[in-house]
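*Asks:* Show me the folded form of this:
(one chain, ligands or ions: 1)
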Amino acid sequence: MPELPEVEITRQRIAPLLVGRRIAELVTTEPSYFFITPPEILRSALRGSILVGLERRGKYLLGSLEDGGQLLLHLGMTGQLFSSRARSVRLLTAAARSSLAPEEQGDFEPDRHTHLRFRFEDLGPEVYFRDVRKFGKVMLLAPGERHERIDRLGVDALEITGAALFRATRKRKTAIKALLLDQSVIAGVGNIYADEALFYAGVRPGRRAMAMSRKICEDIAREIRRVLLRSIETGGSSISDFIAPDGSDGRYQDERRVYARTGEPCHVCRTTIRRKLVAQRGTHYCPQCQS
Ligand SMILES: [Zn+2]
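*Replies:* Modelled structure (predicted):
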């Protein structure tokens, strides 16, 4: 699932293709739970309009329209936002992946999973939002309109401080990892970076949030910011479906210390990395380095 770094990479690389270009037409798929705003309303509202900015809050992308409205995009589990000129095996069906060499792949052809297709008046590259599992979301906000999806987000994870985390952990019996995944506390952290940050901070993911000292909260907050920034620097994690808008893969998966390394030796102490469920999520940790 795309987390803050993958959404930020998407923002940085898709912004030049989305911002400042007048939309000639938006092509959509049929109504589904992908569309919080019905597709016919999106199509008529976006025709002829221009996005003047593209920001990120947590895992949401917020496009500003010239009339003051906002276009909200969420990549969900498998969402891909990319240029019509992107090439990646991650855009192919399983059958095509196995039968085609990378050099044989032509341009991506929009398929039934391509829910949004932005065509521009300049006739340059189009922008596609494709989502095989439809947990992604699109929503249009009128000028001045607010939505609880955005309003309830906590502090952006790149700005989390030890003091804020310490306050959020008080009287919370939940596991520290569950607290880190709570988007109303910290926006942007998901399963990968919660596990990685807790490894670097030396904290077991299942420990109660309220048991964290001020010092440990400082460590966790620092490691969250650090792993997220490092992941952005390396292009994000391409573990399943994530591709950058130009079709390239991220490289952060090569630097993982614990996430999805069950049974492999810890890079620090050689102890076998373990997996268990915390907050209903597969959670990875080193029993030696984390206490
Ligand atoms: Zn270890």
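*Asks:* Identify each buried residue in the lengthiest helix in the chain, please.
*Replies:* In the chain, assigned by DSSP state H, the helix with the most residues is helix 214-233. Neighbour counts using 16 or more other C-beta atoms under 10 Å place 216-225, 227-228, 231-232 of helix 214-233 among the buried residues. C-beta coordinates here come from the backbone N, C-alpha and C atoms, glycine included.
*Asks:* Dump these into TSV; add distance to residue 79 and pLDDT as well.
*Replies:* As requested, these are exported to TSV (distance: C-beta to C-beta, whole Å; pLDDT from 0 to 100):
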residue	distance to residue 79	pLDDT
216	34	98
217	32	98
218	34	98
219	32	98
220	28	98
221	28	98
222	30	98
223	27	98
224	23	98
225	25	98
227	22	98
228	19	97
231	18	96
232	18	96
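*Asks:* Export the residues you listed as CSV, with columns for distance to the ion.
*Replies:* Shown next, in CSV, are the buried residues of helix 214-233 (distance: C-beta to the ion, whole Å):
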residue, distance to the ion
216, 18
217, 22
218, 21
219, 16
220, 17
221, 21
222, 19
223, 15
224, 19
225, 22
227, 16
228, 22
231, 21
232, 25
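*Asks:* Next, the distance between the ends of stretch 41-55.
*Replies:* Using C-alpha to C-alpha, to the nearest Å, the end-to-end distance of stretch 41-55 comes to 22 Å.
*Asks:* Could you list the residues in contact with stretch 221-233?
*Replies:* Defining contact as C-beta atoms under 8 Å, 6 or more residues apart in numbering, one finds that stretch 221-233 is touched by 4-6, 8-9, 157-162, 164-165, 180, 186, 188-189, 193, 196-198, 200-201, 237, 250, 252, 255.
*Asks:* ok, now which ones touch whichever residue of the stretch 1-150 of the chain sits closest to the ion?
*Replies:* Proximity of the stretch 1-150 of the chain to the ion (C-beta to the ion) peaks at residue 3, 23.0 Å away. With contact set as C-beta under 8 Å, 6+ apart, residue 3 has these partners: 59, 188, 189, 190, 191, 192, 193, 237.
*Asks:* my guess is the fifth one meets residue 259, correct?
*Replies:* Yes. Under the criterion of C-beta atoms under 8 Å, residue 191 lies in contact with residue 259, with a separation of 7.3 Å.
*Asks:* Same drill for the two, tell me which one is more crowded.
*Replies:* residue 259 (23 against 20; other C-beta atoms under 10 Å).
*Asks:* how about that one, secondary structure?
*Replies:* coil (DSSP: H, G, I helix; E, B strand; the rest coil).
*Asks:* Which phi and psi values does it adopt?
*Replies:* phi -60, psi 120 (degrees, to the nearest 10).
*Asks:* What residues does the protein have near the ion?
*Replies:* 266, 268, 269, 271, 286, 288, 289 (C-beta under 5 Å from the ion).
*Asks:* quick one: which of these is most hemmed in?
*Replies:* Of those, with other C-beta under 10 Å as the count, residue 286 tops at 24 neighbours.
*Asks:* which residues of the stretch 1-150 of the chain score low on pLDDT?
*Replies:* 89, 92-106 (pLDDT under 70).
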